[in-house]
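Colleague: This is a predicted model, with the sequence first.
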Amino acid sequence: MDLTGLARTLLGSIPAHQAAGLEVLRAADGVGVVALDVRPELTNVIGSLHSSGLITLIDAAGLAAIIAAGPTEAAFEGIVPLGGSARLRFRAPARGRLTATCVLDDTARAQLTGVFAGTTDRARFTTTASVSAASGTVVCEGGFDWSVRRTVGAPTG
């Protein structure tokens, strides 16, 4: 299911994403792809995107992938994803146009299916994402440990 429009709406409303100029490129079939152009005010002392910008990309790619696992837009109503911990591994300076991609693994997909269907009210899993420069060079890899829950009374998809 292609839920790119929903991901754009939900992620676009987050102030940190707005400040970074984050764009959702794709949220379909458990895959999230987001991008941004590195702004000078978000760089570190070597002119590379600051780690806070990189974690924003890793987080948003994971969120887009979680949204993209839903069977319909309505199934995401009442779903609350919260990150519990995060990791980053720096590979190269992050400059220019950056794209982050997250593909949910089978464990995450199975757990989310239960939450969306209403057969369970919580899922815990890890997402991983890579951030690449326009040249294709991987500049950062990272992951998030998630707790995704369904609020009481939320409709099932």
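Modeller: Alright, I've got the coordinates.
Colleague: drop to CA atoms for contacts and neighbour counts, all remaining ones
Modeller: Will do.
Colleague: Run through the chain and note the low-pLDDT ranges.
Modeller: 152-157 (pLDDT under 70).
Colleague: Now do the strands in it.
Modeller: Assigned by DSSP state E, the strands in the chain fall at 23-28, 31-37, 79-90, 97-103, 122-133, 138-150.
Colleague: Could you list every helix and strand in contact with the shortest one?
Modeller: It refers to strand 23-28. helix 4-12, strand 31-37, helix 51-68 (3 or more C-alpha pairs under 8 Å, 6 or more residues apart in numbering; DSSP states H and E).
Colleague: what's the offset of the longest one from the middle of its chain?
Modeller: What it means is helix 51-68. 3 Å (C-alpha atoms, centre = their mean, to the nearest Å).
Colleague: for the second one, same thing?
Modeller: In terms of C-alpha atoms, centre = their mean, the centre of strand 31-37 is found 8 Å from the chain centre.
Colleague: That one: partners in the sheet, and parallel or antiparallel?
Modeller: Strand 31-37 pairs in its sheet with strand 23-28 (antiparallel), strand 97-103 (antiparallel), by DSSP bridges.
Colleague: For residue 44, which of these is the nearest?
Modeller: Across the strands paired with strand 31-37, residue 44 has its closest neighbour in strand 97-103 (15.5 Å, C-alpha to C-alpha).
Colleague: related to what we said a few turns ago, could I get the strands paired with strand 31-37 as a markdown table with mean neighbour count and distance to residue 69?
Modeller: Listed next are those as a markdown table, based on neighbours: other C-alpha atoms under 10 Å; distance: least, C-alpha to C-alpha, whole Å:
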| stretch | mean neighbour count | distance to residue 69 |
| --- | --- | --- |
| strand 23-28 | 24 | 7 |
| strand 97-103 | 24 | 10 |
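Colleague: Any chance of the ones you listed in TSV with distance to residue 45 as columns?
Modeller: Formatted as TSV, these follow (distance: least, C-alpha to C-alpha, whole Å):
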stretch	distance to residue 45
strand 23-28	25
strand 97-103	18
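Colleague: how about the ones you listed, which one is nearest residue 10?
Modeller: strand 23-28 (10.0 Å).
Colleague: As PDB, could you dump the C-alpha coordinates of stretch 39-53?
Modeller: Extracted C-alpha coordinates of stretch 39-53, given in PDB (Å, rounded to 0.1, in the frame of the first residue of the first chain):
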ATOM      1  CA  ARG A  39      21.400  23.800   5.200                       C
ATOM      2  CA  PRO A  40      24.500  25.800   6.400                       C
ATOM      3  CA  GLU A  41      22.800  26.500   9.800                       C
ATOM      4  CA  LEU A  42      22.600  22.800  10.400                       C
ATOM      5  CA  THR A  43      26.200  22.000   9.900                       C
ATOM      6  CA  ASN A  44      29.000  21.100  12.300                       C
ATOM      7  CA  VAL A  45      32.600  22.500  12.400                       C
ATOM      8  CA  ILE A  46      33.700  20.700   9.200                       C
ATOM      9  CA  GLY A  47      30.600  21.800   7.200                       C
ATOM     10  CA  SER A  48      28.900  18.400   7.400                       C
ATOM     11  CA  LEU A  49      25.300  17.900   8.600                       C
ATOM     12  CA  HIS A  50      25.300  17.900  12.400                       C
ATOM     13  CA  SER A  51      24.500  14.600  14.100                       C
ATOM     14  CA  SER A  52      21.100  16.100  15.100                       C
ATOM     15  CA  GLY A  53      20.200  16.400  11.400                       C
END
